[in-house]
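**Student:** this one's structure only:
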């Protein structure tokens, strides 16, 4: 299949991608091809999504040919859908299709197609809101599983608690595979899921390093239970081992959470580039800026600089400075907003609160002064578990 591709100017695998597209069977005949950068850090990984007009299934011969191409060009994955199928997934808030179709680079468009996904009729902000709602729902379902598992652990039902953790692993692995490839793989062991995900994400590769004998032992132990069933005579599960497995589940959950939030954050940034916040002209008597617009500018700035989990507004006020200088015919009145916020980040902020306040104040051209209280997500969860009056007041 020969197509003229409109690739980004600095794309590092132009020749490989051209060769891959040329070797695609003619039966694909896409209306459009989207290119998404899944991972920039080596080994780089890119996703191709082909939009087809027909939903007909491919023959076994064509699918085997496609499998050979993916093996030949391991830096690319290939998925295909009709425009109607993609739009359905977009409107359902599916993050895979939002990131790898809606916000992806359009590198090919057939002469008969103008806007196959009808993007002009879809608001990116609406999709991102739906994606956030869906991911929050998915998180809550896993949290419920953890809660059930913890109750079993407290009741000293370690066998049942371990089986629940296996369910959590499967849920998280399938979810992450869908984030990267649009669908979960059909394999028969947890180890195969881990191997597959380690090739897609370096964090999985680091965590489940084959050189980590203890983690490898735990994974094999869980695989044995998953494949053969739990036999109390063969699988002695004590409190310490059950707790160790439970903690590993929590670590994987946090990692999947960070991956999801990272993809969402990338989409938010792309949306800001496409539809930047319209800033009013600041001159003369137009110095007054509505608080909502000002604080949104601060939020956008923070999300670009840090790995933000959430931001809570604690207080806000407007300060007006009135100046009447001698020997001048005009009086000056300057409006500045002041607010206090709780900034929750995934990793510690390298600046102190005063430094960040100055940075934000200068970035907004001295229109809003923000007093920051820093917390990282792990620390705030610990404080909430123990009980914290300040956080309870802010969050509620």
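**Tutor:** Received the coordinates, thanks. Being a predicted model, the structure only gives us computed values, none of them experimental.
**Student:** going forward, measure contacts and count neighbours with C-alpha atoms only.
**Tutor:** Fine.
**Student:** the strands in this structure, which residues?
**Tutor:** For the chain, the strands defined by DSSP state E cover 32-39, 45-52, 76-82, 105-109, 308-323, 332-345, 368-376.
**Student:** want to throw those strands into JSON lines with mean neighbour count, distance to residue 116 and mean pLDDT?
**Tutor:** JSON lines is the format used below for the strands of the chain (neighbours: other CA atoms under 10 Å; distance: least, CA to CA, whole Å; pLDDT from 0 to 100):
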{"stretch": "strand 32-39", "mean neighbour count": "20", "distance to residue 116": "7", "mean pLDDT": "88"}
{"stretch": "strand 45-52", "mean neighbour count": "21", "distance to residue 116": "8", "mean pLDDT": "89"}
{"stretch": "strand 76-82", "mean neighbour count": "18", "distance to residue 116": "9", "mean pLDDT": "89"}
{"stretch": "strand 105-109", "mean neighbour count": "18", "distance to residue 116": "9", "mean pLDDT": "88"}
{"stretch": "strand 308-323", "mean neighbour count": "13", "distance to residue 116": "34", "mean pLDDT": "75"}
{"stretch": "strand 332-345", "mean neighbour count": "17", "distance to residue 116": "38", "mean pLDDT": "76"}
{"stretch": "strand 368-376", "mean neighbour count": "20", "distance to residue 116": "42", "mean pLDDT": "88"}
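**Student:** Now do the phi/psi pair for residue 155.
**Tutor:** Note on residue 155: its backbone torsions stand at phi -90, psi 10 [degrees, to the nearest 10].
**Student:** my read: residue 45 touches residue 76, true?
**Tutor:** Yes - taking contacts as CA atoms under 8 Å, residue 45 lies within contact range of residue 76: 6.0 Å.
**Student:** how about a markdown table for the strands of the chain, with distance to residue 382 added?
**Tutor:** Compiled in a markdown table, the strands of the chain are given as follows (distance: least, CA to CA, whole Å):
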| stretch | distance to residue 382 |
| --- | --- |
| strand 32-39 | 31 |
| strand 45-52 | 36 |
| strand 76-82 | 39 |
| strand 105-109 | 41 |
| strand 308-323 | 15 |
| strand 332-345 | 13 |
| strand 368-376 | 10 |
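**Student:** Would you tell me which of those strands gets closest to residue 393?
**Tutor:** Among the strands of the chain, strand 308-323 comes nearest to residue 393, with 9.6 Å by CA to CA.
**Student:** OK, contacts around residue 172?
**Tutor:** Contact analysis of residue 172 by CA atoms under 8 Å, 6 or more residues apart in numbering lists 252-253, 256.
**Student:** could I get these as TSV with pLDDT, distance to residue 88 and neighbour count?
**Tutor:** Putting those into TSV (pLDDT from 0 to 100; distance: CA to CA, whole Å; neighbours: other CA atoms under 10 Å) gives the following:
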residue	pLDDT	distance to residue 88	neighbour count
252	94	30	18
253	92	28	21
256	93	25	20
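**Student:** Pick out whichever of the residues you listed sits closest to residue 58.
**Tutor:** Using CA to CA, residue 256 comes nearest to residue 58 of the contacts of residue 172, at 32.5 Å.
**Student:** The closest one: what's it in contact with?
**Tutor:** 172, 176.
**Student:** Let's see that with 7 Å instead.
**Tutor:** residue 176 (CA atoms under 7 Å, 6 or more residues apart in numbering).
**Student:** can you pull out the helices in the stretch 101-250 of the chain?
**Tutor:** 124-154, 158-181, 190-200, 202-207, 213-228, 239-274 (DSSP state H, counting those that start in this stretch).
**Student:** deepest of the ones you listed, which one?
**Tutor:** Counting by mean count of other CA atoms under 10 Å, helix 158-181 has the highest mean neighbour count of the helices of the stretch 101-250 of the chain, with a mean of 20.
**Student:** List the residue ranges of the stretch 151-300 of the chain that fall below the pLDDT cut-off.
**Tutor:** Residue ranges of the stretch 151-300 of the chain with pLDDT under 70: 232-233, 276-290.
**Student:** quick revisit: for residue 119, which of the strands of the chain is the nearest?
**Tutor:** Taking CA to CA, strand 105-109 is the member of these nearest to residue 119, at 11.6 Å.
**Student:** what's in contact with the closest one?
**Tutor:** 4-7, 31-36.
**Student:** and it, which strands flank it?
**Tutor:** Strand 105-109 sits in its sheet next to strand 32-39 (antiparallel), going by DSSP bridges.
**Student:** Taking helix 158-181 as reference, get the angle to the partner strand.
**Tutor:** Here strand 32-39 points in a direction 130 degrees away from that of helix 158-181 (axes from the mean of the first three to the mean of the last three CA atoms, to 10 degrees).
**Student:** excluding its backbone neighbours, what's nearest residue 164?
**Tutor:** Excluding its sequence neighbours, the residue lying closest to residue 164 (CA to CA, 6 or more residues apart in numbering) is residue 149, at 5.9 Å.
**Student:** Now do the contacts for that neighbour.
**Tutor:** Going by CA under 7 Å, 6+ apart, residue 149 touches 161, 164-165.
**Student:** That one and residue 143, how far apart?
**Tutor:** For residue 149, the distance to residue 143 equals 10 Å [CA to CA, to the nearest Å].
**Student:** re earlier: and the helices of the stretch 101-250 of the chain as TSV, adding distance to residue 69?
**Tutor:** Formatted as TSV, the helices of the stretch 101-250 of the chain follow (distance: least, CA to CA, whole Å):
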stretch	distance to residue 69
helix 124-154	32
helix 158-181	16
helix 190-200	17
helix 202-207	23
helix 213-228	31
helix 239-274	27
